[in-house]
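**Student:** Provide a 3D model corresponding to the input given below.
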Amino acid sequence: MAMNINERKDSLKDSIERLYDVMTILRSPEGCPWDRIQTEKSATESLLDECYEYMDAVIEGDDRHMREEIGDVLINLMMNLIIAEQRGAYSASDAVNDAADKLIRRHQHVFGDIHVSSPDEVIKVWNDVKEKVEGRHDDGFFSNIPKSLPPLEESYEIQKKMRKAGFDWPDQSGVFEKVEEELKEVKSAFAEGNPDDIEEEIGDLLFTVINLSRALKIRPVGALMRTNQKIRNRFLRMEELLKEEGLASSEVNIDEMERLWQKAKVEEKTRTEEVDNESDQGD
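**Tutor:** Numbers count the residues shown, from 1 in each chain. Now for the predicted structure:
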């Protein structure tokens, strides 16, 4: 054993090594039966779950939760590295060194003698390095977009790729008009009553809304996660208000629920304004 695994370490280097040692023991014959049966597929599925939980913590602005969840992300990354080592694919140090090499290679404006003056110029340098130094060439226009991306993220990446090829609106006004056009087409399909047409038009509308998000420089998945959390919190508060009045959701009509929904919404706005005021006073 490289170190005392029960002892917390002060440096990042030593703490990463401690995590590696702990997980190597867990994967050993004398370790944990559950950890031993994990595969790269199962660890990657867990990694995705933990990434989303970390994103939740970021949206909440909860540092304590962020610290816990980014640690869980590291656990699943380390699990993948150790599994790869144990099957003789590559070592953890090779993967980490490859990452450092890539960063240095693609940041010659920092570590070399290339000069850039804007983020757009940085991206051009990256693309030049990918093609001329790393020999990366697209097999097809969308070949570098992962097939396993969730559909929302896939749409976002497709649109980014199309923009690089010059296929984009000159400004945001065209995207707003397109959203309105697609919404009209959904209404038209709904009026005609053909489920296939409705599904297709809903897909077009969603794709265009994602495009609007991109045009406004907003990551759509982050925006949607933020709204999902807001709606969850508001609905839970509405249920609390029902209980405070001695009622249950099954006992009230939609108008009564709407009244409490609006009350929860006002409370939420008031809390946000109080937090903003406290932040301004701190500045």
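**Student:** residue ranges with poor pLDDT in the stretch 101-250 of the chain?
**Tutor:** Confidence mapping of the stretch 101-250 of the chain against pLDDT under 70 gives the ranges 138-139.
**Student:** redo that, cut-off 50
**Tutor:** For the stretch 101-250 of the chain, no stretch is flagged by pLDDT under 50.
**Student:** can you map out the helices along it?
**Tutor:** 108-111, 119-128, 151-164, 172-192, 195-215, 220-244 (DSSP state H, counting those that start in this stretch).
**Student:** closest to residue 12 out of these?
**Tutor:** Set against residue 12 and scored by CB to CB, the helices of the stretch 101-250 of the chain come closest in helix 108-111, at 20.5 Å. Bear in mind the C-beta positions are built from the backbone N, C-alpha and C, glycine included.
**Student:** what's the distance between that closest one and the middle of its chain?
**Tutor:** 28 Å (CA atoms, centre = their mean, to the nearest Å).
**Student:** which other helices and strands contact it?
**Tutor:** helix 119-128 (3 or more CB pairs under 8 Å, 6 or more residues apart in numbering; DSSP states H and E).
**Student:** OK, contacts around residue 32?
**Tutor:** By CB atoms under 8 Å, 6 or more residues apart in numbering, the contact set of residue 32 is residue 26.
**Student:** same question for residue 277.
**Tutor:** Contacts of residue 277 (CB under 8 Å, 6+ apart): none.
**Student:** for it, pull up the helix or strand it's in.
**Tutor:** Counting by DSSP states H and E, the element that carries residue 277 is helix 254-282.
**Student:** what's the angle from that helix to helix 220-244?
**Tutor:** 120 degrees (axes from the mean of the first three to the mean of the last three CA atoms, to 10 degrees).
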